[in-house]
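A.B. asks: Quick one: sequence plus predicted model below, questions after.
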Amino acid sequence: MSSGSLIDLKNLTLEELSALLAERGQKPFRAKQIMRWIYGRGVTAFADMTDLAKDFREDLASWATISDWSPELVEESRDGTKKYLFRLADGQTVETVRIPMENERATLCISTQVGCAMQCSFCLTGTFGLVRDLEPGEIVNQVCAALKDGPVQNLVLMGMGEPLHNLDNVVKALQILYLEEGLNYGVRKVTLSTSGLVPQMRELGERIRVNLAVSLNATTDAVRNELMPINRRYPLKELMAACRDFPLQPRQRITFEYILIRDVNDSLQDAKRLVTLLHGIKAKVNLIPYNEHEGSPFKAPTAEAIEAFQSYLLNRNIVAIRRASKGQDISAACGQLKGKLEKAQGRLPAPAAEAAGQGD
């Protein structure tokens, strides 16, 4: 059997691995043993799984493999933010960002697709277009690789791609991340961010538990249509209804990401409309001042506008947090490191190459 036809065990949930082993006459507990070796101990060679019989290890090596990632490029910010660029087996690249938090904790922002089909007007990743979905193992491997640099307490599926556009693979990856014999992340430690694919939001809530973040960024359909074309298919009324219906645990809230853009969505009228939109939803709002870059038509909001917007929400008992920008001295925004590398290699289409210069 050629290496190209070997099954990567990092693509498999516990149930899938158990079923494969059962076909080969192995007991179900063997799958848990293997998962513990792969994720608990970081072992990628079957020969090193010393509590498995030698003939079983040899059989595994004949039909299976365990992928192991190392970044092709790493950029590190003065504030400790690290951006990793990973080269995939087919030559494509994806990015992952490690963000330092208080008390020596870290959050990892992971990608779910190569490129993105959503074409949000403020996002560089959309200029690449959608190349392909990531497999479960390619999502999980970003976490495994980052853990080599130290513990990661929180995960956000908020990097390149729209997670709900790759729902089946994302659900499988979450099952692996949650698995006690796997990476053993608690549900409260993992957040999935969507631009608002309403049917998939509803399906996600039925299939698996996860913290939900919604990239909102506007309070009228007219503005959101321009910023986020997905709104033309699933307008605000439908999106907010899906948010109200999303199953939440006690004390759990939906996070609404709101990028403040000067004279586009940062007025007091926008703040008032946002309060109305969020009525009846257990919500918190992350306010993110737009980060200006050369070639963009958008401008950062003024300090006064940010303060007024946040105060209006807080005064109406809405949790509103101004999210501090991290990694501004490196290519930390989604797509920037990929753009910079592929621009240098002459592999970017013209719009993406132009936008990639923003990090220089």
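C.D. replies: Now that the structure is in, tell me what you want to look at. These figures come from a predicted structure and were not determined experimentally.
A.B. asks: C-alpha from now on. contacts and neighbour counts both.
C.D. replies: Noted.
A.B. asks: Give the buried residues for stretch 67-75.
C.D. replies: If you call a residue buried by 16 or more other Cα atoms under 10 Å, then stretch 67-75 has these buried ones: Ser67, Asp68, Ser70, Pro71, Glu75.
A.B. asks: ok, the second one - contacts?
C.D. replies: Spelled out, that is Asp68. Going by Cα atoms under 8 Å, 6 or more residues apart in numbering, Asp68 touches Thr44, Asn141, Ala145.
A.B. asks: rerun that using 7 Å as the cut-off
C.D. replies: Contacts of Asp68 were listed using Cα atoms under 7 Å, 6 or more residues apart in numbering, and they are Thr44.
A.B. asks: a strand runs through it, doesn't it?
C.D. replies: No. Assessed with DSSP: H, G, I helix; E, B strand; the rest coil, Asp68 is coil; it does not lie in a strand.
A.B. asks: Need the pLDDT of it.
C.D. replies: On the pLDDT scale, Asp68 is placed at 97.
A.B. asks: For it, give me phi and psi.
C.D. replies: Backbone geometry at Asp68, expressed as degrees, to the nearest 10, gives phi -150, psi 120.
A.B. asks: between the buried residues of stretch 67-75, which is nearest Arg273?
C.D. replies: Glu75 (39.4 Å; Cα to Cα).
A.B. asks: In what element of secondary structure is the residue nearest to that closest one when sequence neighbours are not counted found?
C.D. replies: With Cα to Cα, 6 or more residues apart in numbering as the criterion, Glu75 has its nearest non-adjacent residue at 5.2 Å, and that residue is Lys83. Using DSSP states H and E, Lys83 falls within strand 82-87.
A.B. asks: Go ahead and name everything in contact with the next helix or strand after that strand.
C.D. replies: Following strand 82-87 in sequence order, the next helix or strand is strand 93-100 (DSSP H and E). Applying Cα under 7 Å, 6+ apart, the contact partners of strand 93-100 are 80-87, 106-111, 114, 142, 159-160, 338.
A.B. asks: by contact count, what packs against the helix or strand hosting Leu192?
C.D. replies: Taking DSSP H and E as the definition, one finds Leu192 inside strand 190-194. Secondary-structure packing of strand 190-194 (3 or more Cα pairs under 7 Å, 6 or more residues apart in numbering; DSSP states H and E): strand 154-157, strand 211-215.
A.B. asks: Mind listing what's buried along the following helix or strand past the longest one?
C.D. replies: Using DSSP H and E, the next helix or strand after strand 211-215 towards the C-terminus is helix 221-227. For helix 221-227, burial by neighbour count (16+ other Cα under 10 Å) applies to Asp221, Arg224, Asn225, Leu227.
A.B. asks: which residue packs closest to the residue most central in space within the chain, ignoring adjacent ones?
C.D. replies: Nearest to the mean C-alpha position of the chain, by Cα atoms, centre = their mean, lies Leu157 at 1.9 Å. Spatial nearest neighbour of Leu157, excluding adjacent residues (Cα to Cα, 6+ apart): Leu192 at 4.7 Å.
A.B. asks: Return the set of residues that bridge with that neighbour.
C.D. replies: Under DSSP bridges, the beta-bridge partners of Leu192 are Leu157, Leu212.
A.B. asks: ok, it - contacts?
C.D. replies: For Leu192, the contacting residues are Val156, Leu157, Met158, Val210, Asn211, Leu212, Ala213, by Cα under 7 Å, 6+ apart.
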